[in-house]
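Participant: Just need the structure, nothing else, for what follows:
(chains A and B)
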Amino acid sequence: GAVVSQHPSRVICKSGTSVKIECRSLDFQATTMFWYRQFPKQSLMLMATSNEGSKATYEQGVEKDKFLINHASLTLSTLTVTSAHPEDSSFYICSVGTGFEAFFGQGTRLTVV
Amino acid sequence: GQQLNQSPQSMFIQEGEDVSMNCTSSSIFNTWLWYKQEPGEGPVLLIALYKAGELTSNGRLTAQFGITRKDSFLNISASIPSDVGIYFCAGLTTSGTYKYIFGTGTRLKVLA
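Facilitator: Reported below is the predicted structural model:
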C-alpha cells in the first residue's frame, strides 16, 4: 500500500493565525488525496477531496475559505487552516486514495489557544 | 456528512474471546474497507473487500462484503490485548468523484 507522511504531528497556534499541514505520498503517485477531521471519540468526517492540479472538492458545510487545500504535485497536498480559532482545534488526517484502498497519514493534532 | 452505522458502539471482552462487529448503510458501496485506529494515530488498513459476497481473511481477522452491498462484518478470533483500539468500516462510493465514507466506529477493549 501507499506510505503517507503527515507533518507536523502536533501544532499549537494562537487564535487568529494560520497553520499549514503537509501530507506527502512517499511511494505512490497520488492524483487524489482526502482530508478528514476527527473530534475526540468520534469518527472521521471527510472535509474535502484534494485533486492534483485542480481545485479541491469540499463537503457540504466545510468552509473552503477557511480550510485552503493545495495539491500542486502528485506527492504533496497541503491543508491550511486560516485565521484559526479554538473551535478549529481537532485531529486532522490526510489519506491517499488509490481508487480502491485509502492509506492514511499519522494525523495532526491542532490546538488553537 | 454521510456515515455508515456500526454496531456495537463499544465492546469489552476477555482475552481469547472472538469478536464480531458489523457495518450497515442505506447506500450501495463498491468496496468495503476495515481499519483499526489507535490513540493519536491515523487508521491502518486491515482488510479490503471488492465484490459482493466476498469473504477475506487476514490472520485472525475475517471480513465479508454483504450480498446486498449495503453491509459488511468483521470478525476477530482469539482476541489478544493488542487488539485494543477503534475499528472503522469505510465504504468507497464512486458516484461523481470517488470518496471514502467512514462508519461510526466500534471501540474494542480486551481484558487480560
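
Participant: Look through chain B and state the residue closest to chain A.
Facilitator: As assessed by C-beta to the nearest C-beta, chain A sits closest to residue B:42 within chain B, at 3.6 Å. Placement of C-beta: from N, CA and C, glycine included.

Participant: distance of that residue from residue A:83?
Facilitator: Distance of residue B:42 to residue A:83, computed by C-beta to C-beta, to the nearest Å: 26 Å.

Participant: ok, those two, which is more surrounded?
Facilitator: residue B:42 (22 against 12; other C-beta atoms under 10 Å in any protein chain shown).

Participant: hmm, the helix or strand of chain B at the bottom of the mean pLDDT ranking touching chain A?
Facilitator: Sorted by mean pLDDT, DSSP states H and E, the helices and strands of chain B end with strand B:99-102, the least confident at a mean of 92. Yes: residues of strand B:99-102 contacting chain A under C-beta under 8 Å from any C-beta of the partner chain: B:99, B:100, B:101, B:102.

Participant: Tell me the most packed of the residues you listed, by neighbour count.
Facilitator: Result: residue B:102 is most packed of those (other C-beta under 10 Å), 26 neighbours.

Participant: mind listing the helices for chain A?
Facilitator: With DSSP state H, there are no helices along chain A.

Participant: Which residues of it lie near chain B?
Facilitator: So chain A meets chain B at A:1, A:4, A:6, A:32, A:34, A:36, A:41-46, A:49, A:51, A:57, A:59-61, A:91, A:93, A:95, A:97, A:99-107, A:109 (C-beta under 8 Å from any C-beta).

Participant: Find me the pLDDT at the nearest residue to residue A:35 once chain neighbours are set aside, would you?
Facilitator: Excluding the flanking residues, the one nearest residue A:35 by C-beta to C-beta, 6 or more residues apart in numbering or on different chains is residue A:47, at 4.6 Å. Note on residue A:47: pLDDT of 96.

Participant: ok, of the residues of strand B:99-102 next to chain A, which one's closest to residue B:76?
Facilitator: Distance to residue B:76 across the residues of strand B:99-102 next to chain A (C-beta to C-beta) is lowest for residue B:102, with 19.0 Å.

Participant: What separation do you get for the closest one and residue B:47?
Facilitator: Taken as C-beta to C-beta, the span from residue B:102 to residue B:47 is 15 Å.

Participant: Against residue A:56, how distant is residue B:80?
Facilitator: Distance of residue B:80 to residue A:56, given as C-beta to C-beta: 41 Å.

Participant: who's more crowded, the two?
Facilitator: A count of neighbours by other C-beta under 10 Å puts residue A:56 above the other of residue B:80 and residue A:56, at 21 against 12.

Participant: Skip the chain neighbours and tell me the closest residue to the more buried one.
Facilitator: Using C-beta to C-beta, 6+ apart, the nearest residue to residue A:56 is residue A:69, at 3.9 Å.

Participant: how close does the one you found sit to residue A:21?
Facilitator: Residue A:69 is 10 Å from residue A:21, by C-beta to C-beta.

Participant: Show the buried residues in the residues of chain A next to chain B.
Facilitator: A:4, A:6, A:32, A:34, A:36, A:43-46, A:49, A:51, A:57, A:59, A:91, A:93, A:95, A:97, A:101-107, A:109 (16 or more other C-beta atoms under 10 Å in any protein chain shown).
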